[in-house]
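Student: Sharing a model that was predicted from the sequence below.
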Amino acid sequence: MRLSCRGYGSLLTDVHICISMYLATLNIRRCFRVPNILYFAISFLVSLIFVVLGIRQCRSKSPVTMNTGEKPLRPEQLSDVKAWNTGHGKAFIVYGILLMATLDAFPLILSVGSADIVVTVVAFILAVALELVGLMAYHGRLERKYRIK
């Protein structure tokens with residue numbers, strides 16, 4: 001379908017018509033309804049928790065942990081406490097950003113009419129699971145690198 005953005009009236013009206021026609025062709029317009037906007041806001045806040053946690057861990061003076069229930073290591077058990085904390089903080093910041101991208105992409109993919117819902121949900125679950133596995137693997141890497149044996 002070819003879009004033509006030529007029309008009469010003000011430039012603002014022409015731009016609005018062009019955007020409306022483009023969104024109608026992509027079928028994305030229904031993605032920006034109130035429930036979806038609430039979903040975007042909640043997913044942003046959940047992701048922001050991890051980013052803030054990462055920033056706090058980067059600034060911490062005492063050794064941090066991944067909040068997995070394990071006891072935090074004592075400073076004498078680590079070769080470099082600052083690098084340990086910075087590594088964990090950066091991991092949480094990256095995880096929060098990736099989580100936000102994954103959570104926000106999910107309804108956009110579903111709004112495109114040709115997307116199969118089962119495949120999309122399975123891909124969403126796998127993406128979040130892989131992000132968690134990456135976070136745990138990075139924690140293990142930091143432990144092997146900085147823990148004194």
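Tutor: Done, it's in.
Student: From now on I want contacts and neighbour counts done on CA atoms only, so please keep to that.
Tutor: Noted.
Student: Would you mind listing where this protein has pLDDT under the threshold?
Tutor: 1-34, 112-115 (pLDDT under 70).
Student: got the domain boundaries for it?
Tutor: Under the assignment automatic domain parsing, the domains of the chain span 1-32, 34-146.
Student: mind giving me a markdown table with the ones you listed and columns for mean neighbour count?
Tutor: Output for those, formatted as a markdown table (neighbours: other CA atoms under 10 Å):
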| stretch | mean neighbour count |
| --- | --- |
| domain 1-32 | 12 |
| domain 34-146 | 16 |
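Student: ok, P63 to A105 distance?
Tutor: 34 Å (CA to CA, to the nearest Å).
Student: swap in K145?
Tutor: K145 sits 34 Å away from A105, going by CA to CA.
Student: could you pull out the strands for the protein?
Tutor: Counting by DSSP state E, the chain has no strands to list.
Student: That one: helices as residue ranges?
Tutor: Applying DSSP state H to the chain gives helices spanning 11-26, 34-59, 81-111, 117-146.
Student: could you say what helices and strands the longest one packs with?
Tutor: I take that to be helix 81-111. The contact analysis (3 or more CA pairs under 8 Å, 6 or more residues apart in numbering; DSSP states H and E) places helix 81-111 against helix 34-59, helix 117-146.
Student: To A101, which of those helices lies closest?
Tutor: Among the helices and strands packed on helix 81-111, helix 34-59 comes nearest to A101, with 9.1 Å by CA to CA.
Student: Show the backbone phi and psi for N67.
Tutor: Note on N67: its backbone torsions stand at phi 60, psi 40 [degrees, to the nearest 10].
Student: Look up how far V118 lies from it.
Tutor: As judged by CA to CA, N67 and V118 stand 32 Å apart.
Student: same check, this time on Y138
Tutor: According to CA to CA, Y138 stands 30 Å off from V118.
Student: S43 too?
Tutor: Applying CA to CA to S43 and V118 gives a distance of 21 Å.
Student: go on, L132?
Tutor: Separation of L132 from V118 (CA to CA) stands at 21 Å.
Student: do T68 as well
Tutor: If you measure T68 against V118 using CA to CA, the figure is 31 Å.
Student: same check, this time on L73
Tutor: 42 Å.
Student: again with V64
Tutor: Distance from V64 to V118, counting by CA to CA: 39 Å.
Student: what does Y146 give?
Tutor: Y146 sits 42 Å away from V118, going by CA to CA.
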